[in-house]
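A.B. asks: build the 3D model from these lines:
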Amino acid sequence: LLIFLAAVWLSVGTAWGVEGTITASATNCTSAGGDRVTLNLPPNAGSVSIVLRGTWSGTVEFNGTANGNNYFSILGDPQPSGAGVSSATANGTWTVKVPALKQVCVYASNYISGTIQADIFSSLASAGSRSFSNLNVAVLNNVRYCDQFAGADAGAKIVACIADLPATGDTADACGFEGAQTFTSNIFAGGTKPGTLRLCNTTVSFNTALVIPANWSIVGNGMGASGTVLSYTGAGSAITTVGGGASTSNVHLSNFRLVNGGAATNGLNLIFPILPFLDRIAVSGFATNLRCQGCVDLTSFHSQYLAATGVNVSLETDAASGTTSNNNTFIGGNILEGTFGMTIGDLAGNAQGNTLIGVDIEGQTTRGIRLVNAKATKISGGWFENIGTAGSRRAIELGDGVTFTFATTIENNVFIGNTHADDVSILDTTGRQTVVTANNETGTLGTFYKNNTNVGGPILANNYILNGAVTEYSTTGGTDVTGVVIHGSTQVASG
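C.D. replies: Numbering: from 1, shown residues only. Presented below is the predicted three-dimensional model:
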(Lines give C-alpha, C1' and ligand atoms only; values in the text may rest on other atoms or scores of the structure.)
Protein backbone atom coordinates (compact mmCIF):
# COMPACT_ATOMS: atom_id res chain seq x y z
CA LEU A 1 0.00 0.00 0.00
CA LEU A 2 2.78 2.44 0.88
CA ILE A 3 4.52 1.70 -2.40
CA PHE A 4 1.26 2.32 -4.29
CA LEU A 5 0.64 5.70 -2.58
CA ALA A 6 4.18 6.82 -3.30
CA ALA A 7 3.75 5.97 -6.96
CA VAL A 8 0.53 8.00 -7.13
CA TRP A 9 2.23 10.97 -5.47
CA LEU A 10 5.20 10.90 -7.81
CA SER A 11 3.49 10.15 -11.12
CA VAL A 12 0.15 11.95 -11.01
CA GLY A 13 1.17 15.02 -9.07
CA THR A 14 -2.25 15.83 -7.59
CA ALA A 15 -0.99 16.90 -4.18
CA TRP A 16 2.69 17.24 -3.33
CA GLY A 17 5.09 16.51 -6.12
CA VAL A 18 5.84 14.81 -9.41
CA GLU A 19 8.81 13.29 -11.20
CA GLY A 20 8.96 12.83 -14.94
CA THR A 21 11.16 12.61 -18.01
CA ILE A 22 11.36 14.75 -21.16
CA THR A 23 12.75 13.37 -24.42
CA ALA A 24 10.94 15.50 -27.02
CA SER A 25 10.26 19.19 -27.68
CA ALA A 26 6.85 20.77 -27.04
CA THR A 27 5.44 24.09 -28.27
CA ASN A 28 3.90 24.91 -24.88
CA CYS A 29 2.25 23.28 -21.89
CA THR A 30 -1.01 22.47 -23.71
CA SER A 31 0.13 21.72 -27.28
CA ALA A 32 -0.24 18.31 -28.88
CA GLY A 33 2.90 16.19 -28.96
CA GLY A 34 6.13 16.57 -27.02
CA ASP A 35 6.85 15.87 -23.37
CA ARG A 36 6.03 17.94 -20.31
CA VAL A 37 5.91 17.46 -16.54
CA THR A 38 2.99 19.15 -14.72
CA LEU A 39 2.21 19.50 -11.03
CA ASN A 40 -1.31 20.29 -9.83
CA LEU A 41 -0.84 22.49 -6.77
CA PRO A 42 -2.77 22.12 -3.52
CA PRO A 43 -4.77 25.21 -2.42
CA ASN A 44 -2.26 26.10 0.28
CA ALA A 45 0.92 25.80 -1.79
CA GLY A 46 3.39 28.63 -1.19
CA SER A 47 6.34 27.66 -3.37
CA VAL A 48 7.66 24.87 -5.56
CA SER A 49 11.12 23.50 -6.23
CA ILE A 50 12.02 22.54 -9.80
CA VAL A 51 14.89 20.08 -10.08
CA LEU A 52 16.50 19.19 -13.41
CA ARG A 53 18.93 16.26 -13.55
CA GLY A 54 20.31 13.64 -15.89
CA THR A 55 22.48 13.85 -18.98
CA TRP A 56 20.86 15.98 -21.65
CA SER A 57 21.11 18.95 -23.99
CA GLY A 58 18.34 21.48 -24.73
CA THR A 59 16.30 24.35 -23.28
CA VAL A 60 13.69 23.78 -20.57
CA GLU A 61 10.91 26.31 -19.90
CA PHE A 62 9.22 27.07 -16.55
CA ASN A 63 5.50 27.89 -16.89
CA GLY A 64 2.53 28.36 -14.57
CA THR A 65 -1.21 28.96 -14.79
CA ALA A 66 -3.64 30.68 -12.45
CA ASN A 67 -6.79 29.32 -14.11
CA GLY A 68 -5.70 25.94 -15.45
CA ASN A 69 -5.86 27.08 -19.08
CA ASN A 70 -3.60 30.04 -19.83
CA TYR A 71 0.08 29.41 -19.13
CA PHE A 72 2.78 32.06 -18.78
CA SER A 73 6.48 32.19 -17.95
CA ILE A 74 7.40 32.10 -14.28
CA LEU A 75 10.72 32.98 -12.68
CA GLY A 76 12.68 30.43 -10.73
CA ASP A 77 15.37 31.57 -8.32
CA PRO A 78 18.45 29.33 -8.75
CA GLN A 79 19.76 27.69 -5.61
CA PRO A 80 21.73 28.59 -3.64
CA SER A 81 21.79 32.08 -5.20
CA GLY A 82 21.40 34.02 -8.43
CA ALA A 83 18.95 36.07 -10.50
CA GLY A 84 15.60 34.56 -11.39
CA VAL A 85 15.21 32.85 -14.77
CA SER A 86 12.28 31.45 -16.73
CA SER A 87 14.26 28.74 -18.53
CA ALA A 88 17.34 26.56 -18.08
CA THR A 89 19.90 24.76 -20.22
CA ALA A 90 21.64 22.74 -17.48
CA ASN A 91 20.92 20.78 -14.33
CA GLY A 92 20.07 22.63 -11.15
CA THR A 93 17.41 23.50 -8.59
CA TRP A 94 15.10 26.52 -8.75
CA THR A 95 12.43 27.77 -6.35
CA VAL A 96 9.27 29.56 -7.51
CA LYS A 97 6.67 31.44 -5.44
CA VAL A 98 3.24 30.10 -6.41
CA PRO A 99 0.58 31.51 -4.02
CA ALA A 100 -1.87 32.25 -6.85
CA LEU A 101 -1.14 29.35 -9.22
CA LYS A 102 -3.06 26.16 -9.90
CA GLN A 103 -0.37 24.34 -11.87
CA VAL A 104 3.34 24.46 -12.66
CA CYS A 105 4.56 22.96 -15.91
CA VAL A 106 8.06 22.17 -17.23
CA TYR A 107 8.69 21.39 -20.91
CA ALA A 108 11.51 21.52 -23.46
CA SER A 109 11.12 24.25 -26.04
CA ASN A 110 14.27 22.97 -27.76
CA TYR A 111 15.08 19.32 -27.02
CA ILE A 112 18.41 18.19 -28.51
CA SER A 113 19.49 14.91 -26.86
CA GLY A 114 19.52 12.76 -23.72
CA THR A 115 16.90 12.27 -21.03
CA ILE A 116 15.84 15.27 -18.94
CA GLN A 117 14.78 14.22 -15.46
CA ALA A 118 12.32 16.91 -14.22
CA ASP A 119 11.06 16.91 -10.63
CA ILE A 120 8.56 19.44 -9.20
CA PHE A 121 7.88 19.54 -5.45
CA SER A 122 5.50 21.92 -3.64
CA SER A 123 5.79 23.42 -0.15
CA LEU A 124 2.89 24.66 1.95
CA ALA A 125 2.48 28.38 2.52
CA SER A 126 2.46 29.71 6.06
CA ALA A 127 -0.86 30.96 7.39
CA GLY A 128 -1.92 34.24 5.75
CA SER A 129 0.92 34.28 3.23
CA ARG A 130 -1.02 33.33 0.10
CA SER A 131 -1.16 36.64 -1.78
CA PHE A 132 -1.09 37.82 -5.36
CA SER A 133 1.56 40.36 -4.34
CA ASN A 134 4.03 37.52 -3.93
CA LEU A 135 3.53 36.19 -7.44
CA ASN A 136 6.67 36.61 -9.57
CA VAL A 137 5.64 36.21 -13.19
CA ALA A 138 6.96 37.68 -16.41
CA VAL A 139 3.65 37.52 -18.31
CA LEU A 140 0.08 37.59 -17.04
CA ASN A 141 -2.97 38.30 -19.24
CA ASN A 142 -0.69 39.77 -21.95
CA VAL A 143 0.90 42.22 -19.48
CA ARG A 144 4.70 41.94 -19.33
CA TYR A 145 6.29 42.55 -15.91
CA CYS A 146 9.61 44.09 -16.83
CA ASP A 147 11.49 43.45 -13.59
CA GLN A 148 11.15 39.72 -14.30
CA PHE A 149 13.06 39.90 -17.60
CA ALA A 150 16.82 39.48 -17.99
CA GLY A 151 19.09 42.52 -18.29
CA ALA A 152 21.99 44.38 -16.74
CA ASP A 153 19.85 47.28 -15.48
CA ALA A 154 16.25 48.49 -15.50
CA GLY A 155 16.61 49.92 -19.00
CA ALA A 156 17.91 46.65 -20.47
CA LYS A 157 15.14 44.68 -18.79
CA ILE A 158 12.51 47.07 -20.15
CA VAL A 159 13.98 46.67 -23.67
CA ALA A 160 13.53 42.88 -23.37
CA CYS A 161 10.10 43.37 -21.87
CA ILE A 162 8.91 45.59 -24.75
CA ALA A 163 10.39 43.22 -27.33
CA ASP A 164 8.31 40.40 -25.83
CA LEU A 165 4.99 42.22 -26.29
CA PRO A 166 2.63 40.69 -28.86
CA ALA A 167 2.42 42.29 -32.29
CA THR A 168 -0.84 43.98 -31.31
CA GLY A 169 0.85 45.57 -28.30
CA ASP A 170 -0.07 45.73 -24.63
CA THR A 171 1.41 46.91 -21.34
CA ALA A 172 5.05 46.77 -20.25
CA ASP A 173 4.70 47.12 -16.48
CA ALA A 174 7.91 48.42 -14.88
CA CYS A 175 6.43 49.15 -11.45
CA GLY A 176 8.67 46.46 -10.00
CA PHE A 177 11.55 48.93 -10.31
CA GLU A 178 11.62 51.26 -7.32
CA GLY A 179 14.17 53.78 -6.08
CA ALA A 180 17.13 54.82 -8.26
CA GLN A 181 17.26 53.15 -11.69
CA THR A 182 19.24 53.64 -14.92
CA PHE A 183 18.53 53.63 -18.66
CA THR A 184 21.65 53.57 -20.84
CA SER A 185 19.90 53.35 -24.23
CA ASN A 186 16.72 54.40 -26.01
CA ILE A 187 14.36 51.79 -24.62
CA PHE A 188 12.00 52.24 -27.60
CA ALA A 189 14.66 51.74 -30.31
CA GLY A 190 13.38 49.74 -33.26
CA GLY A 191 9.90 49.38 -31.80
CA THR A 192 6.87 49.32 -34.09
CA LYS A 193 4.18 47.79 -31.85
CA PRO A 194 1.83 50.00 -29.83
CA GLY A 195 1.97 49.82 -26.06
CA THR A 196 2.04 51.41 -22.64
CA LEU A 197 5.07 51.69 -20.39
CA ARG A 198 3.98 51.81 -16.76
CA LEU A 199 6.36 53.35 -14.20
CA CYS A 200 5.76 53.82 -10.48
CA ASN A 201 7.73 55.31 -7.57
CA THR A 202 11.18 55.54 -9.08
CA THR A 203 13.85 58.03 -10.12
CA VAL A 204 15.33 57.07 -13.48
CA SER A 205 18.60 58.55 -14.69
CA PHE A 206 19.06 58.29 -18.47
CA ASN A 207 21.64 59.75 -20.85
CA THR A 208 20.20 58.78 -24.25
CA ALA A 209 17.10 60.45 -25.67
CA LEU A 210 13.88 58.43 -25.56
CA VAL A 211 12.41 58.45 -29.08
CA ILE A 212 8.76 57.50 -28.68
CA PRO A 213 7.06 55.59 -31.52
CA ALA A 214 3.46 56.15 -32.57
CA ASN A 215 0.68 54.83 -30.33
CA TRP A 216 2.83 54.62 -27.22
CA SER A 217 2.13 55.87 -23.70
CA ILE A 218 4.42 56.52 -20.75
CA VAL A 219 2.30 56.50 -17.60
CA GLY A 220 3.87 57.32 -14.26
CA ASN A 221 2.66 57.38 -10.67
CA GLY A 222 2.55 61.14 -10.10
CA MET A 223 4.52 64.25 -11.08
CA GLY A 224 5.66 65.04 -7.54
CA ALA A 225 9.14 64.38 -6.21
CA SER A 226 7.95 61.14 -4.57
CA GLY A 227 6.27 59.83 -7.72
CA THR A 228 7.91 59.06 -11.06
CA VAL A 229 10.96 61.21 -11.85
CA LEU A 230 12.92 60.99 -15.11
CA SER A 231 16.28 62.77 -14.88
CA TYR A 232 18.01 63.35 -18.22
CA THR A 233 21.79 63.71 -18.10
CA GLY A 234 22.46 63.69 -21.84
CA ALA A 235 22.57 66.39 -24.54
CA GLY A 236 19.96 67.66 -27.00
CA SER A 237 16.41 66.51 -26.23
CA ALA A 238 15.34 64.22 -23.40
CA ILE A 239 12.13 62.83 -24.93
CA THR A 240 11.32 63.26 -28.61
CA THR A 241 9.50 61.78 -31.59
CA VAL A 242 10.94 60.43 -34.84
CA GLY A 243 10.76 63.61 -36.96
CA GLY A 244 12.46 63.83 -40.32
CA GLY A 245 9.22 64.87 -41.98
CA ALA A 246 7.30 61.84 -40.64
CA SER A 247 4.34 62.27 -38.30
CA THR A 248 3.94 60.38 -35.02
CA SER A 249 0.37 59.79 -33.85
CA ASN A 250 -1.18 59.25 -30.43
CA VAL A 251 1.72 59.74 -28.04
CA HIS A 252 0.41 59.90 -24.46
CA LEU A 253 2.58 61.12 -21.56
CA SER A 254 1.04 61.09 -18.11
CA ASN A 255 1.82 61.53 -14.43
CA PHE A 256 5.59 61.95 -14.25
CA ARG A 257 8.23 64.62 -13.75
CA LEU A 258 11.01 65.23 -16.31
CA VAL A 259 14.02 67.19 -15.05
CA ASN A 260 17.26 68.39 -16.58
CA GLY A 261 20.03 66.54 -14.78
CA GLY A 262 22.72 67.83 -17.14
CA ALA A 263 22.99 70.42 -19.92
CA ALA A 264 20.21 69.34 -22.29
CA THR A 265 18.47 71.84 -24.57
CA ASN A 266 14.91 70.49 -24.77
CA GLY A 267 12.81 68.55 -22.30
CA LEU A 268 10.00 67.38 -24.58
CA ASN A 269 10.78 67.92 -28.27
CA LEU A 270 7.67 66.74 -30.09
CA ILE A 271 8.24 66.80 -33.87
CA PHE A 272 5.14 66.60 -36.09
CA PRO A 273 3.04 64.72 -33.53
CA ILE A 274 -0.66 64.23 -34.22
CA LEU A 275 -3.07 64.05 -31.27
CA PRO A 276 -0.41 63.98 -28.52
CA PHE A 277 -1.81 64.09 -24.97
CA LEU A 278 0.19 65.47 -22.04
CA ASP A 279 -1.66 64.69 -18.84
CA ARG A 280 -0.38 66.02 -15.50
CA ILE A 281 3.30 66.01 -16.30
CA ALA A 282 5.93 68.44 -15.00
CA VAL A 283 8.95 69.48 -17.08
CA SER A 284 11.62 71.70 -15.55
CA GLY A 285 15.08 73.19 -15.98
CA PHE A 286 15.63 72.88 -19.75
CA ALA A 287 16.37 75.73 -22.13
CA THR A 288 12.96 74.89 -23.66
CA ASN A 289 10.75 72.65 -21.56
CA LEU A 290 8.20 71.85 -24.28
CA ARG A 291 9.22 72.40 -27.89
CA CYS A 292 6.35 71.63 -30.25
CA GLN A 293 7.46 71.50 -33.89
CA GLY A 294 4.41 71.09 -36.07
CA CYS A 295 2.19 69.89 -33.21
CA VAL A 296 -1.34 69.14 -34.38
CA ASP A 297 -4.26 68.71 -31.95
CA LEU A 298 -2.09 68.48 -28.84
CA THR A 299 -3.81 68.59 -25.46
CA SER A 300 -1.88 69.64 -22.37
CA PHE A 301 -4.03 68.93 -19.33
CA HIS A 302 -3.04 70.41 -15.96
CA SER A 303 0.65 70.05 -16.73
CA GLN A 304 3.52 72.20 -15.44
CA TYR A 305 6.38 73.81 -17.36
CA LEU A 306 8.81 75.23 -14.84
CA ALA A 307 12.01 77.25 -14.62
CA ALA A 308 13.15 77.13 -18.22
CA THR A 309 16.37 78.97 -18.92
CA GLY A 310 14.84 80.26 -22.17
CA VAL A 311 11.31 79.62 -23.46
CA ASN A 312 9.09 77.38 -21.35
CA VAL A 313 6.73 76.37 -24.18
CA SER A 314 7.34 76.99 -27.89
CA LEU A 315 4.80 76.22 -30.64
CA GLU A 316 6.80 76.24 -33.88
CA THR A 317 6.82 75.08 -37.49
CA ASP A 318 8.35 71.68 -38.29
CA ALA A 319 11.07 72.53 -40.79
CA ALA A 320 11.18 69.08 -42.42
CA SER A 321 7.46 68.79 -43.21
CA GLY A 322 6.51 72.48 -43.21
CA THR A 323 3.69 71.71 -40.75
CA THR A 324 2.73 74.56 -38.42
CA SER A 325 1.55 74.07 -34.84
CA ASN A 326 -2.26 74.16 -35.11
CA ASN A 327 -5.31 73.47 -32.95
CA ASN A 328 -3.38 72.81 -29.76
CA THR A 329 -5.09 73.25 -26.40
CA PHE A 330 -3.62 73.95 -22.97
CA ILE A 331 -6.07 73.43 -20.11
CA GLY A 332 -5.08 74.47 -16.60
CA GLY A 333 -1.59 73.91 -15.27
CA ASN A 334 1.32 76.30 -14.80
CA ILE A 335 3.93 78.01 -16.95
CA LEU A 336 6.38 79.48 -14.45
CA GLU A 337 9.55 81.52 -14.87
CA GLY A 338 11.85 81.51 -17.87
CA THR A 339 12.62 84.35 -20.26
CA PHE A 340 9.39 83.68 -22.17
CA GLY A 341 6.43 81.72 -20.86
CA MET A 342 5.12 80.70 -24.29
CA THR A 343 5.73 81.65 -27.90
CA ILE A 344 3.11 80.83 -30.54
CA GLY A 345 4.09 80.86 -34.21
CA ASP A 346 7.29 81.85 -36.01
CA LEU A 347 8.51 83.42 -39.24
CA ALA A 348 8.35 80.05 -41.04
CA GLY A 349 4.58 79.61 -40.82
CA ASN A 350 1.26 80.76 -39.43
CA ALA A 351 0.22 78.91 -36.26
CA GLN A 352 -3.57 78.64 -36.17
CA GLY A 353 -6.36 77.84 -33.74
CA ASN A 354 -4.32 77.46 -30.54
CA THR A 355 -6.14 77.86 -27.22
CA LEU A 356 -5.16 78.47 -23.59
CA ILE A 357 -7.84 77.99 -20.94
CA GLY A 358 -7.20 78.66 -17.26
CA VAL A 359 -3.41 78.56 -17.45
CA ASP A 360 -1.35 80.19 -14.68
CA ILE A 361 1.56 82.15 -16.20
CA GLU A 362 3.98 83.77 -13.75
CA GLY A 363 7.48 85.05 -13.18
CA GLN A 364 8.84 85.44 -16.72
CA THR A 365 11.58 88.04 -17.10
CA THR A 366 10.57 89.26 -20.58
CA ARG A 367 7.21 87.97 -21.93
CA GLY A 368 4.37 85.88 -20.60
CA ILE A 369 2.99 84.94 -24.04
CA ARG A 370 4.27 86.14 -27.38
CA LEU A 371 2.28 85.62 -30.57
CA VAL A 372 4.29 85.82 -33.78
CA ASN A 373 2.54 85.06 -37.05
CA ALA A 374 -0.39 83.49 -35.20
CA LYS A 375 -4.03 83.28 -36.27
CA ALA A 376 -7.22 82.69 -34.27
CA THR A 377 -5.51 82.29 -30.90
CA LYS A 378 -7.73 82.28 -27.81
CA ILE A 379 -6.41 83.13 -24.34
CA SER A 380 -9.13 82.71 -21.73
CA GLY A 381 -9.41 82.51 -17.96
CA GLY A 382 -5.68 82.86 -17.37
CA TRP A 383 -3.69 84.33 -14.51
CA PHE A 384 -0.71 86.56 -15.38
CA GLU A 385 1.42 87.61 -12.43
CA ASN A 386 4.81 89.21 -11.73
CA ILE A 387 5.96 89.29 -15.34
CA GLY A 388 8.92 91.50 -16.25
CA THR A 389 11.93 92.46 -14.20
CA ALA A 390 12.80 95.86 -15.69
CA GLY A 391 12.30 97.97 -18.79
CA SER A 392 9.76 97.26 -21.55
CA ARG A 393 8.16 93.92 -20.77
CA ARG A 394 4.78 92.42 -21.68
CA ALA A 395 2.43 89.84 -20.20
CA ILE A 396 0.83 89.24 -23.62
CA GLU A 397 2.46 90.54 -26.77
CA LEU A 398 0.81 90.31 -30.17
CA GLY A 399 3.25 90.39 -33.04
CA ASP A 400 6.83 91.45 -33.52
CA GLY A 401 6.15 94.56 -35.58
CA VAL A 402 6.80 92.61 -38.81
CA THR A 403 4.55 89.55 -39.17
CA PHE A 404 0.76 89.47 -39.05
CA THR A 405 -0.97 88.14 -35.96
CA PHE A 406 -4.73 88.42 -36.21
CA ALA A 407 -8.14 87.22 -34.98
CA THR A 408 -6.90 86.91 -31.40
CA THR A 409 -9.35 86.64 -28.49
CA ILE A 410 -8.15 87.64 -25.01
CA GLU A 411 -10.92 87.28 -22.46
CA ASN A 412 -11.65 86.78 -18.77
CA ASN A 413 -8.00 86.91 -17.69
CA VAL A 414 -6.52 88.41 -14.55
CA PHE A 415 -3.32 90.49 -14.64
CA ILE A 416 -1.67 91.22 -11.31
CA GLY A 417 1.65 92.60 -10.09
CA ASN A 418 3.17 93.10 -13.54
CA THR A 419 4.94 96.24 -12.41
CA HIS A 420 7.46 96.30 -15.25
CA ALA A 421 5.18 95.04 -18.01
CA ASP A 422 2.33 96.09 -20.27
CA ASP A 423 -0.43 93.58 -19.70
CA VAL A 424 -1.47 93.43 -23.35
CA SER A 425 0.74 94.95 -26.02
CA ILE A 426 -0.32 95.09 -29.67
CA LEU A 427 2.48 96.16 -31.97
CA ASP A 428 2.57 97.93 -35.32
CA THR A 429 1.13 96.12 -38.38
CA THR A 430 -0.29 93.40 -36.15
CA GLY A 431 -3.30 92.79 -34.00
CA ARG A 432 -5.88 92.74 -36.77
CA GLN A 433 -9.37 91.66 -35.71
CA THR A 434 -8.22 91.28 -32.11
CA VAL A 435 -10.93 91.21 -29.45
CA VAL A 436 -9.81 91.98 -25.89
CA THR A 437 -12.78 91.69 -23.58
CA ALA A 438 -13.80 91.32 -19.93
CA ASN A 439 -10.31 91.14 -18.45
CA ASN A 440 -9.24 92.45 -15.05
CA GLU A 441 -6.18 94.51 -14.14
CA THR A 442 -5.49 94.55 -10.41
CA GLY A 443 -1.89 95.72 -10.41
CA THR A 444 -0.70 99.16 -9.40
CA LEU A 445 1.56 100.25 -12.27
CA GLY A 446 0.86 97.94 -15.17
CA THR A 447 -0.34 99.27 -18.51
CA PHE A 448 -3.39 97.34 -19.63
CA TYR A 449 -3.43 97.94 -23.38
CA LYS A 450 -0.96 99.41 -25.77
CA ASN A 451 -1.86 99.67 -29.41
CA ASN A 452 -0.13 101.57 -32.14
CA THR A 453 -1.78 102.27 -35.50
CA ASN A 454 -3.31 99.13 -36.98
CA VAL A 455 -5.53 98.43 -39.96
CA GLY A 456 -8.67 96.64 -38.78
CA GLY A 457 -7.35 97.01 -35.26
CA PRO A 458 -8.45 95.58 -31.93
CA ILE A 459 -11.66 95.92 -30.00
CA LEU A 460 -11.13 96.70 -26.32
CA ALA A 461 -14.51 95.98 -24.76
CA ASN A 462 -15.97 95.73 -21.26
CA ASN A 463 -12.73 95.58 -19.32
CA TYR A 464 -12.20 96.65 -15.74
CA ILE A 465 -8.90 98.35 -14.98
CA LEU A 466 -7.84 99.24 -11.44
CA ASN A 467 -4.78 101.48 -11.05
CA GLY A 468 -3.71 100.76 -14.59
CA ALA A 469 -3.86 102.66 -17.83
CA VAL A 470 -4.94 102.45 -21.43
CA THR A 471 -2.10 103.98 -23.40
CA GLU A 472 -1.47 104.77 -27.03
CA TYR A 473 -4.62 103.17 -28.37
CA SER A 474 -5.79 104.43 -31.72
CA THR A 475 -9.14 104.52 -33.51
CA THR A 476 -7.39 104.29 -36.87
CA GLY A 477 -8.61 101.33 -38.85
CA GLY A 478 -11.68 100.64 -36.72
CA THR A 479 -10.37 100.29 -33.17
CA ASP A 480 -13.19 100.40 -30.62
CA VAL A 481 -12.66 101.02 -26.91
CA THR A 482 -16.29 100.69 -25.86
CA GLY A 483 -16.87 99.87 -22.24
CA VAL A 484 -13.30 100.17 -21.01
CA VAL A 485 -13.64 101.28 -17.39
CA ILE A 486 -10.61 102.80 -15.68
CA HIS A 487 -10.24 103.36 -11.94
CA GLY A 488 -7.40 105.18 -10.26
CA SER A 489 -5.51 106.02 -13.44
CA THR A 490 -5.81 107.85 -16.73
CA GLN A 491 -5.94 107.33 -20.45
CA VAL A 492 -2.69 108.32 -22.09
CA ALA A 493 -2.11 109.32 -25.72
CA SER A 494 -5.55 108.23 -26.73
CA GLY A 495 -5.12 109.12 -30.40
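
A.B. asks: what about the stretch 301-450 of the chain, any weak spots by pLDDT?
C.D. replies: 390-392, 400-403, 419-421, 427-433, 441-450 (pLDDT under 70).

A.B. asks: residue boundaries of the strands in the stretch 101-250 of the chain?
C.D. replies: Counting by DSSP state E, counting those that start in this stretch, the stretch 101-250 of the chain has these strands, from start to end: 103-114, 116-124, 139-140, 143-145, 170-173, 179-183, 195-198, 202-206, 210-211, 216-219, 228-232, 237-240, 248-249.

A.B. asks: going by mean pLDDT, which of the ones you listed comes out lowest?
C.D. replies: Comparing mean pLDDT over the strands of the stretch 101-250 of the chain, the weakest stretch is strand 139-140, at a mean of 72.

A.B. asks: mind listing what that one pairs with, with the direction of each?
C.D. replies: With DSSP bridges as the test, strand 139-140 is paired with strand 143-145 (antiparallel).

A.B. asks: buried residues in the partner strand?
C.D. replies: Judged by neighbour count using 16 or more other Cβ atoms under 10 Å, the buried positions of strand 143-145 are 143-145. Where you see a C-beta, it was placed from the backbone N, CA and C, and this is true even at glycine.

A.B. asks: shouldn't F272 be in contact with T317?
C.D. replies: No. The pair F272 and T317 fails to qualify as a contact (Cβ atoms under 8 Å) at a distance of 10.1 Å.

A.B. asks: of these two, who's got more company?
C.D. replies: Neighbour totals were compared for F272 and T317, and F272 leads with 24 against 21 (other Cβ atoms under 10 Å).

A.B. asks: what touches both of F272 and T317?
C.D. replies: Residues touching both F272 and T317 by Cβ atoms under 8 Å, 6 or more residues apart in numbering: 293-294, 323.

A.B. asks: who touches G322 in this structure?
C.D. replies: With Cβ under 8 Å, 6+ apart, G322 has these contacts: 294, 348-349.

A.B. asks: most neighbours out of these, which is it?
C.D. replies: G294 (26 neighbours).

A.B. asks: list the contacts for that one?
C.D. replies: Contacts of G294 by Cβ under 8 Å, 6+ apart are 271-273, 316-318, 321-325.

A.B. asks: quick one: average pLDDT of stretch 269-279?
C.D. replies: Mean per-residue pLDDT for stretch 269-279: 96.

A.B. asks: mind listing what's buried in it?
C.D. replies: 269-274, 276-279.

A.B. asks: would you mind giving those as JSON lines with secondary structure and distance to T27 added?
C.D. replies: JSON lines is the format used below for the buried residues of stretch 269-279 (DSSP: H, G, I helix; E, B strand; the rest coil; distance: Cβ to Cβ, whole Å):
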{"residue": "N269", "secondary structure": "strand", "distance to T27": "44"}
{"residue": "L270", "secondary structure": "strand", "distance to T27": "43"}
{"residue": "I271", "secondary structure": "strand", "distance to T27": "43"}
{"residue": "F272", "secondary structure": "coil", "distance to T27": "43"}
{"residue": "P273", "secondary structure": "strand", "distance to T27": "41"}
{"residue": "I274", "secondary structure": "strand", "distance to T27": "40"}
{"residue": "P276", "secondary structure": "coil", "distance to T27": "40"}
{"residue": "F277", "secondary structure": "strand", "distance to T27": "40"}
{"residue": "L278", "secondary structure": "strand", "distance to T27": "43"}
{"residue": "D279", "secondary structure": "strand", "distance to T27": "41"}
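
A.B. asks: with adjacent residues omitted, what lies nearest to G17?
C.D. replies: Counting by Cβ to Cβ, 6 or more residues apart in numbering, F121 is the residue found nearest to G17 once chain neighbours are left out, at 3.9 Å.

A.B. asks: my guess is the one you found contacts S49. True?
C.D. replies: Yes. Counting by Cβ under 8 Å, a contact exists between F121 and S49, whose distance comes to 4.8 Å.

A.B. asks: any idea how far L199 is from the most centrally placed residue in the chain?
C.D. replies: Nearest to the centroid of the C-alpha atoms of the chain, with distances taken as Cα atoms, centre = their mean, sits L253, at 2.5 Å. When Cβ to Cβ, to the nearest Å is the yardstick, L253 and L199 sit 11 Å from each other.

A.B. asks: repeat for L210
C.D. replies: When distances are taken as Cβ to Cβ, L210 and L199 turn out to be 12 Å apart.

A.B. asks: still on that earlier bit, give me the number of residues near the residue nearest to G17?
C.D. replies: Other residues near F121 come to 18 when the count uses other Cβ under 10 Å.

A.B. asks: which residues does it contact?
C.D. replies: Counting by Cβ under 8 Å, 6+ apart, F121 touches 16-17, 39, 48-49, 51.

A.B. asks: quick revisit: most widely separated two among the contacts of G294?
C.D. replies: Looking at the contacts of G294 by Cβ to Cβ, the two members farthest from one another are P273 and G322, with 15.2 Å of separation.

A.B. asks: helices of the stretch 51-200 of the chain, start to end?
C.D. replies: 154-163 (DSSP state H, counting those that start in this stretch).

A.B. asks: pLDDT below threshold where in it?
C.D. replies: Judged against pLDDT under 70, the low-scoring parts of the stretch 51-200 of the chain cover residues 124-137.

A.B. asks: same thing but at 50, please
C.D. replies: For the stretch 51-200 of the chain, the stretches flagged by pLDDT under 50 are 127-134.

A.B. asks: returning to that earlier point: closest one of the shared contacts of F272 and T317 to G338?
C.D. replies: Sorting the shared contacts of F272 and T317 by distance to G338 puts Q293 at the head of the list, at 18.4 Å, by Cβ to Cβ.

A.B. asks: quick one: contacts for the closest residue to T248 other than its chain neighbours?
C.D. replies: With Cβ to Cβ, 6+ apart as the measure, T241 is the residue that lies nearest to T248, at 4.0 Å, once sequence neighbours are left out. The contact partners of T241, taken as Cβ under 8 Å, 6+ apart, are 211-212, 248, 251, 269-273.

A.B. asks: ramachandran angles for T241?
C.D. replies: Phi and psi for T241, reported as degrees, to the nearest 10, are phi -110, psi 180.

A.B. asks: measure it to Q364 for me?
C.D. replies: Between T241 and Q364 the distance is 27 Å, computed by Cβ to Cβ.
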